[in-house]
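Chemist: Sequence plus predicted model, see below.
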Amino acid sequence: MANLQVNYLGLDLKSPIVIGASNLSDNIDRLKKLEESGVGAIVFKTLFEEQIELEELELDNDLEAYNERHPEMVRIFPELHHAGPRGHLHKLKKTKQALTIPIIGSLNCITPSTWVDWAIRMQDTGVDAIELNFYSSPSRFELTGAEIIESQLQVVADVKSKIKIPLAVKLSPFYGNPLEVIARMDKFGVNAFVLFNRMYQPDIDIEEERMKQTYVFSRSDDARLALRYSGLLYNRIQAQISAATGVVTAEEAIKMLLSGANTVQVVSAVYKNGPDYVKSMLAEISAWMNSKKYESIEDFRGKLSYSNLKDPFAYTRAQYIDILMRSSEWINPWFL
Ligand SMILES: Cc1cc2nc3c(=O)[nH]c(=O)nc-3n(C[C@H](O)[C@H](O)[C@H](O)COP(=O)(O)O)c2cc1C
């Protein structure tokens with residue numbers, strides 16, 4: 001087995017595979033199995049401000065009625081249980097005590113002071129790092145992109161100045177220029193960027209003519225966006241990169257590392273295939289490294305990044321034009 005150890009968020013991980021924030025963290029026995037399978041770290045599911053306010057308002061159910069009073073609060077992840085924040089932090093603490101690998105807490109708030117207060121409380125559970133989950137799902141026309149960015153920058157600055165443990169920020173890809181936002185957050189000393197949040201979209205049942213919630217697991221092709229930004233950012237910012245979304249096989253994990261990512265986050269593949277799948281992904285990464293005579297991840301990380309490619313064409317506008325101009329060479333309409 002090749003040496004798969006990496007450093008992420010100042011923590012020594014035994015492998016670059018991190019379990020992304022999800023309900024996989026609901027169950028400690030499940031997490032222990034994932035630990036045994038060789039994952040480097042686990043991001044605990046997000047604590048949402050809705051949970052915090054619900055507890056404070058002593059409402060124990062009916063998120064929909066709550067949303068009507070707070071139109072900006074949209075229910076963004078499936079299976080958002082009504083567990084209060086104290087219960088959440090208690091579980092986080094228990095998980096941290098039960099496992100030996102690093103545990104990262106995740107937080108998604110709306111109000112600036114809530115971000116800071118709960119980041120501090122989360123830190124007090126003993127977690128190794130905190131991931132801010134910036135999931136912006138605009139529903140107001142008058143809110144500008146610049147305002148969203150400014151408020152996120154303020155949250156990053158405030159939280160970073162108040163906590164002592166490393167800070168990761170999980171971003172949406174939907175900014176006019178994600179590089180600009182990342183570069184500005186980088187100046188506040190963010191330790192890692194998680195690229196990217198998977199954005200959930202509504203769906204419609206055409207028979208019933210009603211809205212429906214469907215969860216679609218990622219496919220390998222979904223990894224390309226994170227691959228691009230990981231490649232563009234390698235060696236050009238201070239923070240580390242954790243590539244998320246679409247890491248479904250060992251191949252995507254290797255590609256992400258070649259582009260410059262320090263770690264990859266995996267959720268869909270584990271949901272579908274169980275903990276032993278991580279073992280097989282790691283064995284495949286190791287076999288690939290052996291075949292290439294790489295002894296450690298650092299031997300090849302970033303080799304195919306924008307900074308290291310002699311011709312970084314693949315990361316630029318020229319690639320887009322080239323693909324469209326030459327498309328007739330490899331795509332035949334109707335296969336005629
Ligand atoms: C059931 C489920 C619950 C999730 N919950 C969270 C969450 O609480 N916080 C978060 O930041 N992401 C959450 N995610 C998103 C994942 O962390 C991840 O970003 C997304 O699934 C893309 O990774 P993948 O392609 O490996 O699935 C959730 C995903 C799933 C499938």
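Modeler: Cool, got the structure. Residues are numbered from 1 along each chain as shown.
Chemist: Can you show me the strands along the stretch 51-200 of the chain?
Modeler: 103-108, 129-133, 167-171, 192-195 (DSSP state E, counting those that start in this stretch).
Chemist: Please name whichever of those is nearest to the ligand.
Modeler: strand 129-133 (4.0 Å; C-beta to the nearest ligand atom). Backbone N, C-alpha and C define where each C-beta goes, glycine included.
Chemist: Parallel or antiparallel, list what pairs with that closest one.
Modeler: strand 103-108 (parallel), strand 167-171 (parallel) (DSSP bridges).
Chemist: thinking again about what came up before, turn the strands of the stretch 51-200 of the chain into CSV, including mean pLDDT.
Modeler: Formatted as CSV, these follow (pLDDT from 0 to 100):
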stretch, mean pLDDT
strand 103-108, 97
strand 129-133, 98
strand 167-171, 98
strand 192-195, 98
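Chemist: Could you dump those into JSON lines and include mean neighbour count?
Modeler: Converted to JSON lines, the strands of the stretch 51-200 of the chain look like this (neighbours: other C-beta atoms under 10 Å):
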{"stretch": "strand 103-108", "mean neighbour count": "26"}
{"stretch": "strand 129-133", "mean neighbour count": "26"}
{"stretch": "strand 167-171", "mean neighbour count": "25"}
{"stretch": "strand 192-195", "mean neighbour count": "26"}
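Chemist: Now distance to the ligand too, for the ones you listed, in TSV please.
Modeler: Formatted as TSV, the strands of the stretch 51-200 of the chain follow (distance: least, C-beta to the nearest ligand atom, whole Å):
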stretch	distance to the ligand
strand 103-108	5
strand 129-133	4
strand 167-171	5
strand 192-195	8
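Chemist: Tabulate those (CSV), appending distance to Gln265.
Modeler: Formatted as CSV, the strands of the stretch 51-200 of the chain follow (distance: least, C-beta to C-beta, whole Å):
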stretch, distance to Gln265
strand 103-108, 10
strand 129-133, 10
strand 167-171, 9
strand 192-195, 6
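Chemist: Ala244 is nearest to which of those strands?
Modeler: Nearest to Ala244 among those is strand 192-195; the distance by C-beta to C-beta comes to 5.4 Å.
Chemist: For whichever residue of the stretch 101-250 of the chain sits closest to the ligand, which residues are in contact?
Modeler: Residue nearest to the ligand within the stretch 101-250 of the chain: Ser218 (3.0 Å; C-beta to the nearest ligand atom). Counting by C-beta atoms under 8 Å, 6 or more residues apart in numbering, Ser218 touches 198, 245-248, 267-269.
Chemist: again, only using 10 Å
Modeler: When contacts are counted by C-beta atoms under 10 Å, 6 or more residues apart in numbering, Ser218 touches 198, 244-248, 252, 266-269, 271-272.
Chemist: out of the residues you listed, who has the most neighbours?
Modeler: Tallying neighbours with other C-beta atoms under 10 Å puts Val247 at the head of these, with 32 neighbours.
Chemist: Out of the contacts of Ser218, list just those in helices.
Modeler: Members of the contacts of Ser218 lying in helices (criterion: DSSP state H): 252, 268-269, 271-272.
Chemist: farthest-separated two in those?
Modeler: Glu252 and Tyr271, at 15.7 Å, using C-beta to C-beta across those.
Chemist: gap between the closest residue to Leu179 other than its chain neighbours and Asn191?
Modeler: Spatial nearest neighbour of Leu179, chain neighbours left out: Leu232 (6.5 Å); criterion: C-beta to C-beta, 6 or more residues apart in numbering. Counting by C-beta to C-beta, to the nearest Å, the gap from Leu232 to Asn191 is 19 Å.
Chemist: if we can go back for a sec, which one of the contacts of Ser218 is nearest Trp288?
Modeler: For those, the nearest to Trp288 is Glu252 (12.1 Å; C-beta to C-beta).
Chemist: correct me, but the closest one touches Leu225?
Modeler: No. Applying C-beta atoms under 10 Å, one finds Glu252 not in contact with Leu225, separated by 11.8 Å.
Chemist: Identify the contacts common to the two.
Modeler: Joint contacts of Glu252 and Leu225 (C-beta under 10 Å, 6+ apart) are 243, 245-246.
Chemist: residues contacting the residue nearest to Leu179?
Modeler: 178-179, 182, 195, 241, 259-260, 305-307, 312, 315-316 are the contacts of Leu232 under C-beta under 10 Å, 6+ apart.
Chemist: any idea how far it lies from Ser305?
Modeler: Distance from Leu232 to Ser305, by C-beta to C-beta: 8 Å.
Chemist: cool, Asn262 as well?
Modeler: 12 Å.
Chemist: Might you report the residue contacts of Leu13?
Modeler: By C-beta under 10 Å, 6+ apart, the neighbours of Leu13 are 4-7, 39-41, 101-102, 262-263, 297.
Chemist: Report the beta-bridge partners for it.
Modeler: Val6.
Chemist: try the one 5 residues further on
Modeler: Residues in a beta bridge with Val18, per DSSP bridges, are Ala41, Gln265.
Chemist: Can you report how many residues neighbour it?
Modeler: 31.
Chemist: What parts of this protein come near the ligand?
Modeler: Those residues of the chain that sit near the ligand, judged by C-beta under 6 Å from any ligand atom, are 20-23, 45-46, 77-78, 106, 133, 170, 197-198, 218, 222, 244-247, 266-268, 271.
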